[in-house]
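Asker: return a 3D structure for these sequence lines:
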Amino acid sequence: MLPYQAPWYLKNGSIMTVATDLWYGTTWRRWGDRVTWLRHLPKVPWQEHIFIGAEGVPLWGLWSCPTHAKGTIILNLGITAQVKNAWYAHIFARKAYNRGFAVLLYDWRGHGRTAELSPVPSSYGWREGEDQIKMAAQLVAMGCPDRVALVGFSIGGQLALWGLKAAIEQDCPFVCGAAALSCHLESTRSLAHLRSTTVGRIIEQHFVKNLCAEAEKRRQLFPYTVKPGAIERIKSIDSFDREMAIDYYGFTSVAEYYQKTSAIYFLDKLTLPYLIVYSQDDPMFDPKLIAEVEQLSEVQNLPRLSSEMSTSAMPDQVFNSIG
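Answerer: Numbers count the residues shown, from 1 in each chain. Sure thing, here's the model as predicted:
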């Protein structure tokens, strides 16, 4: 497979990341049906449903199953994404549905519609892994195929890998593998890498703004779960985690929380197949992680991960790997 070659004005990974989000993220609902490669794909006939995750946490999502479906895909979104605005997830879901896959898009803990149902915060996959196992069983009971793949974008890729870990530990008969695109794997180092550039610091503050909005919604809906002044103290991603997550889950520090939830520390224990697609110039995550993940894959005698893709690529190999 040849590496993706971006046009000259998108050669820089940071510029590509920001431009893609600003352009597609704000216009996708308007241009979707006018794009040639998408126009011939029928829209997904979504059904709304509230699933029940681990510890009885309610999870809001949209699901759909085509006739004679050949598999089921659960999609995990990025750090501040919601089903209503995750353009990349909707395009992926439309392609997957028209290739014969049942699809679930859902707002994970602390996000979107799910955050309106429960004050339970996100845990970067630590508890969302079991959430996916619960949802997989419910989808199968609702008529979806019992061959389930977990897919995630950015930090959602870490959620997918946590789901795979939970499936192995619980001997889940439904989950068959996972695919992670531009995957978040190690929080401490990736956050430091994000802050190492001006563009990265701008991206972080964009995330912080959205995280604070979710925190304010939580304070309005469930005021007893938010400490006085907590939202006003949030100035960064790790300060959000300090104020909104670690006490709930019983961690003593953000460092301990990140160590526990980072997926790279259990990759060598995964016995089900997984695909990781990484970009070497992704401004979000430390590129040194690529060599570590490749080494872990070699130890397991797995194929090397794709590490030369563009940050905007959505390769067909993801569908091929779970088909």
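
Asker: from what I see, A167 and V175 are in contact.
Answerer: Yes: A167 lies in contact with V175 (C-beta atoms under 8 Å); the separation is 3.7 Å. For glycine as for every other residue, the C-beta is placed from the backbone atoms N, C-alpha and C.

Asker: mind listing what P287 touches?
Answerer: With contact set as C-beta atoms under 8 Å, 6 or more residues apart in numbering, P287 has these partners: H193, Q280, D281.

Asker: returning to that earlier point: hey, what's in contact with both of A167 and V175?
Answerer: With C-beta under 8 Å, 6+ apart, A167 and V175 have common neighbours Q132, I133, A136, L150, L272.

Asker: tell me which of these is nearest to K217?
Answerer: In terms of C-beta to C-beta, no member of these lies closer to K217 than Q132, at 23.5 Å.

Asker: surely the closest one meets G156?
Answerer: No: under the criterion of C-beta under 8 Å, Q132 lies out of contact with G156, with a separation of 10.7 Å.

Asker: pull out the buried residues from the shared contacts of A167 and V175.
Answerer: By neighbour count, with 16 or more other C-beta atoms under 10 Å, these hold Q132, I133, A136, L150 as buried.

Asker: name the element A179 belongs to?
Answerer: Using DSSP states H and E, A179 maps to strand 175-181.

Asker: residues of the helix or strand immediately after that strand in the chain that come out buried?
Answerer: Moving toward the C-terminus from strand 175-181, the next helix or strand (DSSP H and E) is helix 187-194. Neighbour-count burial for helix 187-194, with 16+ other C-beta under 10 Å as criterion, is recorded at S187, R189, S190, L191, H193, L194.

Asker: same deal with stretch 204-217?
Answerer: Buried residues in stretch 204-217, counting neighbours by 16+ other C-beta under 10 Å, are found at E204, F207, V208, L211, C212, E214, A215.

Asker: stretch 219-233 too?
Answerer: Within stretch 219-233, the residues that qualify as buried are R219, T225, V226, A230, I231, counting by 16+ other C-beta under 10 Å.

Asker: can you check stretch 55-62 too?
Answerer: Judged by neighbour count (16+ other C-beta under 10 Å), stretch 55-62 contains these buried residues: V57, L59, W60, G61, L62.

Asker: now the contacts of P287 as a markdown table including distance to T252 and pLDDT?
Answerer: Below are the contacts of P287 laid out as a markdown table (distance: C-beta to C-beta, whole Å; pLDDT from 0 to 100):
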| residue | distance to T252 | pLDDT |
| --- | --- | --- |
| H193 | 25 | 90 |
| Q280 | 35 | 76 |
| D281 | 35 | 77 |
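
Asker: for the stretch 151-300 of the chain, just list every one of the strands.
Answerer: If you assign secondary structure with DSSP state E, counting those that start in this stretch, the strands in the stretch 151-300 of the chain sit at 175-181, 274-277.

Asker: and the shortest one, average pLDDT?
Answerer: Pointing back at strand 274-277 there. If you average the pLDDT over strand 274-277, you get 90.

Asker: hmm, back to that, intersection of neighbour lists for Q132 and G156?
Answerer: With contacts taken as C-beta under 8 Å, 6+ apart, the residues that reach both Q132 and G156 are N76.

Asker: now, the buried ones among the shared contacts of A167 and V175 that are in helices?
Answerer: If you go by DSSP state H, those have Q132, I133, A136 in helices.

Asker: what's the biggest helix in the protein, counting residues?
Answerer: Identified as the longest helix of the chain according to DSSP H is helix 198-221.

Asker: what angle sits between it and helix 187-194?
Answerer: Helix 198-221 and helix 187-194 are oriented at 130 degrees to each other (axes from the mean of the first three to the mean of the last three C-alpha atoms, to 10 degrees).

Asker: ok, and what's touching helix 198-221?
Answerer: In contact with helix 198-221 (C-beta under 8 Å, 6+ apart) are residues 14-15, 17-18, 79-80, 110-111, 115-116, 119, 121, 191, 193-195, 225-226, 230-231, 234-237, 240, 243-244, 283-284.

Asker: farthest-separated two in the buried residues of stretch 219-233?
Answerer: T225 and I231 (11.9 Å).

Asker: between the shared contacts of A167 and V175, which is closest to Q295?
Answerer: When the shared contacts of A167 and V175 are compared for distance to Q295 (C-beta to C-beta), L272 comes out closest, at 19.4 Å.

Asker: fine by me, we can end here.
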